[in-house]
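A.B. asks: sharing a model prediction with you, sequence too.
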Amino acid sequence: MPLNKEIQPGDNDELTRERLQATFDTQQMAAALWGSDLARKRRELAKKVDKLTVLHDSKDMSFMTREEKLSENARKVVQMFAHVADIVEDPSDDAEMFHLSSNAIGHEGHPFGVHFVMFIPALKAQADDEQREKWLMPALGLQLIGTYAQTELGHGTNLRALETMATFDKATDEFVIHTPTVTALKWWPGSLGKSSNHAVVSANLIIDGKSYGHHNFMVQIRDENTHKPLKGITVGDIGPKMAYNASDNGFLGFDHHRIPRRNMLMRHAKVDKNGVYTKPPHAKIGYSAMVHVRSVMIGHQGMFLGSASTIAIRYSLVRRQGEIKEGSGEVKILDYQTQQHRLFPQLARAYVFMFAGKEVRELYQKVLSDMEKGETTLLADLHALTSGLKSVVTHLCVAGMEQCRMACGGHGYSRASGIPEIWGVAVGGCTYEGENMVMLLQLARYLMKAVKETKKGKSLGRLVDYLLLPQDRHSLIGRVPQGEYGPHLAAFEHIARRQIFKVADELTKLQDKGMSKEIAWQKKAVELQRAARLHTRFYLAACFHRKVQSVVDGRIREALADLYHLHLNYELLDMVNYALEDAYLKADQVDFIREDMYRLLETIRPNAISLVDAFEFSDRELRSVLGRRDGHVYENLYKWAKESELNRADVLPYFDKYLKPMMLAARQRSNI
Ligand SMILES: CC/C=C\C/C=C\C/C=C\C/C=C\C/C=C\C/C=C\CCC(=O)SCCNC(=O)CCNC(=O)[C@H](O)C(C)(C)COP(=O)(O)OP(=O)(O)OC[C@H]1O[C@@H](n2cnc3c(N)ncnc32)[C@H](O)[C@@H]1OP(=O)(O)O
Ligand SMILES: Cc1cc2nc3c(=O)[nH]c(=O)nc-3n(C[C@H](O)[C@H](O)[C@H](O)COP(=O)(O)OP(=O)(O)OC[C@H]3O[C@@H](n4cnc5c(N)ncnc54)[C@H](O)[C@@H]3O)c2cc1C
């Protein structure tokens with residue numbers, strides 16, 4: 001019985017031979033990746049989507065205009081909800097719904113994108129019971145379409161500078177929502193431009209001339225029946241983007257638009273009819289929808305990198321180019337060491353990002369249930385962790401996907417590969433939900449506070465306990481038996497701790513010389529974001545370790561351990577300068593790490609296809625000609641190209657309009 005459950009009759013023989021080499025069962029590996037329950041649900045829902053033709057793309061999205069894309073995905077999302085009860089076990093399970101949407105719709109966006117990922121989480125966390133009844137139930141029941149309108153044309157990062165105003169009018173018990181300047185226009189919210197009829201709007205709360213900072217308000221923006229903007233509201237689409245073009249990211253302006261007082265989300269902060277303001281239990285509790293998205297992004301980004309790795313690795317087993325030994329025939333490009341070195345570390349990252357995504361969701365759920373009881377102690381830890389992971393994971397995913405694209409040569413540049421689209425969506429993640437550099441500095445703030453606590457002999461939280469441990473002067477890598485690669489993990493810890501303390505000391509020195517805290521921070525900002533990155537990379541490595549240790553099945557643990565060890569070697573080499581600065585690592589140890597990495601590339605090679613098959617992306621979900629499960633790439637590339645709109649006629653009008661007259665004129669001139 002083959003251990004790779006993907007083998008099917010009619011497959012490309014090359015891939016079948018590869019799949020027969022697997023040392024583990026792919027479905028068991030899928031269970032380790034997704035969790036056994038979700039893996040089973042994904043498999044079942046993919047089969048159901050395959051049978052439901054109303055959910056299939058009417059043509060490849062690459063050949064559509066933006067309006068066609070919006071219309072196509074609106075059609076599919078409506079069909080998806082119409083059939084949801086027959087496809088998924090629990091429509092209230094975000095993870096299951098995300099995978100359904102990934103199969104049926106893809107990642108280019110649809111009218112309910114922000115509705116589910118931000119609008120509903122904002123209502124769940126910030127609306128009081130009466131408000132939940134009024135908006136959350138209809139939102140879950142698809143009676144309205146919502147978005148999250150926070151960013152403005154002039155400000156996205158610095159939320160304290162948002163200009164939209166919500167002025168309380170005691171006489172009418174209403175808020176007056178107003179856009180005072182062009183820079184105050186809401187700008188970017190997903191599905192705002194043409195699809196949504198409601199928005200959670202961030203605006204400065206003003207009572208009796210005093211500003212209480214920005215709060216969230218429910219605003220109906222379009223008529224439920226005609227879909228026309230309501231009086232006092234201007235709304236539209238902001239235009240095409242790098243990718244994500246089936247989403248109508250929009251702009252929104254208010255001209256003294258009135259809403260009832262009870263439209264301010266009042267689970268935590270409140271305003272009564274006399275204009276008396278009650279503070280929330282935590283100043284940043286209103287930021288919870290952002291923390292929610294950051295926490296889901298980690299696993300999703302891992303999945304994007306997993307998709308790109310699947311495409312590039314499968315294709316690298318079909319593509320033959322050049323000979324290693326003269327006269328012995330062309331080899332599969334995955335047999336080149338450089339190709340393995342390009343791709344396997346990306347595969348390992350995809351795995352660990354998915355594991356980290358699972359851990360961080362568990363912490364988010366805990367914090368959410370604490371918040372429900374007014375308990376906010378873990379919010380700062382969660383904010384720090386999600387800020388760092390969001391930034392490091394999106395950055396590495398995009399870099400990794402670019403390696404996957406280049407590893408596919410020319411065909412990687414074609415949209416038929418599927419990589420340009422996923423890359424375009426993933427790269428947006430470096431910016432949305434908090435620009436990466438800004439979020440790294442948020443984590444750095446937390447780390448600097450942690451150093452202060454450490455100096456008092458205390459720990460700020462579980463994530464920074466390691467700061468209390470003493471620094472070793474020299475690494476044991478290559479000096480003791482490898483075992484479970486403990487010295488490698490210790491090196492990550494050492495590098496992070498050293499950078500964190502180093503920059504904290506530098507900040508103190510600058511302040512001791514009389515520099516203000518803020519200016520000192522600016523002088524050390526690059527070093528601070530480095531500390532945040534190193535801390536996060538240590539967290540990721542430790543997370544991989546926890547996962548490998550938790551696996552019971554020996555064959556799965558062994559295959560995962562190979563990936564984990566590769567990850568440790570590759571990432572350490574990527575940041576080796578930090579370990580050389582204080583001679584923690586010696587040159588011979590760096591060589592040892594390199595040689596061990598090359599050994600692991602060879603060890604992983606026979607399992608490569610099964611490690612990507614274990615993601616269990618269906619062909620429909622992958623939307624890639626190069627990454628097809630059956631490996632029949634070339635004939636399908638030709639078929640795909642023939643679908644190009646340019647091939648609808650042998651001669652297109654621009655030839656007769658421009659090129660032909662020019663050539664005729666040129667010929668006439670040369671005849672003269
Ligand atoms: C049908 C389908 C069904 C289901 C689908 C399911 C799932 C689909 C999932 C995914 C879809 C995939 C892709 C999605 C595609 C598109 C994108 C979607 C959404 C993107 C939306 C957005 O981008 S919304 C806008 C986001 N904006 C930001 O992130 C702004 C960033 N800026 C900030 O967060 C803040 O301004 C700041 C943090 C930078 C600074 O804030 P502020 O000035 O207020 O604070 P200070 O810096 O002064 O810090 C003061 C202290 O507060 C602490 N702090 C800050 N933030 C938080 C927080 N969030 N929580 C806790 N504590 C916080 C800070 O650390 C300081 O603490 P001190 O102790 O140091 O004082
Ligand atoms: C695809 C996409 C979807 C989006 N969806 C939504 C949505 O649904 N709702 C919504 O409200 N918004 C949405 N946004 C907006 C998004 O959240 C913001 O673009 C993002 O938060 C970054 O803010 P900004 O554009 O103001 O960047 P800026 O803050 O202007 O960043 C520009 C540069 O300045 C630097 N910078 C800024 N501040 C600092 C600082 N304090 N320290 C150091 N460097 C700094 C940044 O690092 C960056 O290099 C979306 C954006 C995109 C791209």
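C.D. replies: Everything's here; your move. Residues are numbered from 1 along each chain as shown. Ligands and ions are numbered 1, 2, ... in the order given.

A.B. asks: tell me the residues of the stretch 351-500 of the chain that contact ligand 1?
C.D. replies: Near ligand 1, the residues belonging to the stretch 351-500 of the chain are Leu379, Ala380, His383, Tyr432, Glu433, Gly434, Val438, Gln442, Arg445 when assessed by Cβ under 6 Å from any ligand atom. Heads up, the C-betas are built off the backbone N, CA and C, glycines and all.

A.B. asks: what strand or helix carries the last one?
C.D. replies: Read it as Arg445. Element membership for Arg445, per DSSP states H and E: helix 436-455.

A.B. asks: select from the residues of the stretch 351-500 of the chain next to ligand 1 the one having the most neighbours.
C.D. replies: Glu433 (24 neighbours; other Cβ atoms under 10 Å).

A.B. asks: got phi/psi on that one?
C.D. replies: Dihedral angles of Glu433 (phi, psi; degrees, to the nearest 10) stand at phi 60, psi 40.

A.B. asks: let me know the secondary structure of whichever residue of the stretch 51-200 of the chain sits closest to ligand 2.
C.D. replies: Residue nearest to ligand 2 within the stretch 51-200 of the chain: Gly156 (2.4 Å; Cβ to the nearest ligand atom). Assigned by DSSP: H, G, I helix; E, B strand; the rest coil, the conformation of Gly156 is coil.

A.B. asks: so which of the residues of the stretch 351-500 of the chain next to ligand 1 reach ligand 2?
C.D. replies: Of those, the ones that also sit near ligand 2 (Cβ under 6 Å from any ligand atom) are Tyr432, Glu433, Gly434, Val438.

A.B. asks: not counting sequence-adjacent ones, nearest residue to the last one?
C.D. replies: Spatial nearest neighbour of Val438, excluding adjacent residues (Cβ to Cβ, 6 or more residues apart in numbering): Thr157 at 5.1 Å.

A.B. asks: contacting residues around that neighbour?
C.D. replies: Gly434, Glu435, Val438 (Cβ atoms under 8 Å, 6 or more residues apart in numbering).

A.B. asks: possible to save those as TSV with pLDDT and distance to Glu72?
C.D. replies: Listed next are those as TSV, based on pLDDT from 0 to 100; distance: Cβ to Cβ, whole Å:
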residue	pLDDT	distance to Glu72
Gly434	98	31
Glu435	98	31
Val438	98	35
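
A.B. asks: got the domain ranges for the chain?
C.D. replies: 39-108+289-428, 116-280 (automatic domain parsing).

A.B. asks: ends of the last one, how far apart?
C.D. replies: Using Cα to Cα, to the nearest Å, the span of domain 116-280 from its first residue to its last is 24 Å.

A.B. asks: please apply the same query to the first one.
C.D. replies: The straight-line separation of the ends of domain 39-108+289-428 (Cα to Cα) is 27 Å.

A.B. asks: how far off centre is it?
C.D. replies: Distance, stretch centre to chain centre, for domain 39-108+289-428: 8 Å (Cα atoms, centre = their mean, to the nearest Å).

A.B. asks: repeat that for stretch 463-478.
C.D. replies: Taking Cα atoms, centre = their mean, one finds stretch 463-478 lying 31 Å from the centre of the chain it belongs to.

A.B. asks: and the end-to-end length of it?
C.D. replies: Start and end residues of stretch 463-478 are separated by 28 Å (Cα to Cα).

A.B. asks: what does it rub up against?
C.D. replies: Stretch 463-478 is touched from outside by 381, 384-385, 446-447, 450-451, 454, 457, 459, 486-488, 490-491, 493-494, 496-498, 500-501, 535, 538-539, 579, 583-586, 588-589, 592-593, with contacts defined as Cβ under 8 Å, 6+ apart.

A.B. asks: one more time with 6 Å
C.D. replies: Residues outside stretch 463-478 that contact it (Cβ atoms under 6 Å, 6 or more residues apart in numbering): 381, 385, 450, 454, 459, 487, 491, 493, 497, 584-585, 589, 592.

A.B. asks: which of those residues count as buried?
C.D. replies: Applying 16 or more other Cβ atoms under 10 Å to the contacts of stretch 463-478, the neighbour count classes Asp381, Leu385, Ala450, Thr454, Pro487, Ala491, Glu493, Arg497, Tyr584, Leu585, Gln589, Phe592 as buried.

A.B. asks: what sits against the fifth one?
C.D. replies: Residues counted as contacts of Pro487 (Cβ under 6 Å, 6+ apart) are Ser475, Leu476, Ile477.

A.B. asks: so what's the residue count around Phe98?
C.D. replies: Neighbourhood size, Phe98 [other Cβ under 10 Å]: 17.

A.B. asks: repeat for the one 4 residues further on
C.D. replies: Ser102: 23 surrounding residues under other Cβ under 10 Å.

A.B. asks: pretty sure it is touching Glu621, no?
C.D. replies: Yes: applying Cβ atoms under 6 Å, one finds Ser102 in contact with Glu621, separated by 5.5 Å.
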